[in-house]
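**Q** Okay, structure incoming, though there's no sequence with it:
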């Protein structure tokens, strides 16, 4: 199985929590990714495309695969910083 996800990557937890709160109030994920994310994917609204198990760092991957399509994670910490992940699709290999 492959998952398609977008994310917003920031350096500190406080900012991640603030962005997550905005998303819970209905803010547009892609717009916030373009505004706040430090990842190059920001230019695509945070879209990372499809990926399989083993392609992302464990904490990110575990969270992305646990989400149901269309749902957004609470902030997830990895060695890269704090991610807010939105699962946008699923396909079987």
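**A** Sure, I can see it. This one's a predicted model, so the numbers in the text were calculated from it and none came from an experiment.

**Q** any weak-confidence spans in this structure?
**A** Low-confidence segments of the chain, defined by pLDDT under 70: 93.

**Q** Which helix in it has the most residues?
**A** For the chain, the longest helix by residue count, based on DSSP state H, is helix 13-24.

**Q** for the helix or strand following it, packing partners?
**A** Of the helices and strands lying after helix 13-24 in sequence (DSSP states H and E), the nearest is helix 29-36. Contact here means 3 or more Cβ pairs under 8 Å, 6 or more residues apart in numbering; DSSP states H and E; on that basis helix 29-36 packs against strand 2-10, helix 13-24. C-beta: built from backbone N, CA, C; applies to glycine.

**Q** Give the buried residues for the last one.
**A** Using 16 or more other Cβ atoms under 10 Å as the test for burial, helix 13-24 gives 16, 19-20, 22-23.

**Q** and the angle from that helix to strand 2-10?
**A** 120 degrees (axes from the mean of the first three to the mean of the last three Cα atoms, to 10 degrees).

**Q** buried residues in stretch 28-45?
**A** 29, 32-34, 36-37, 39, 41-42, 45.

**Q** what's the nearest residue to residue 6 once chain neighbours are set aside in contact with, if anything?
**A** Nearest residue to residue 6 in three dimensions, chain neighbours excluded: residue 46, at 3.8 Å (Cβ to Cβ, 6 or more residues apart in numbering). Going by Cβ atoms under 8 Å, 6 or more residues apart in numbering, residue 46 touches 6-8, 29-30, 33-34, 37, 39, 86.
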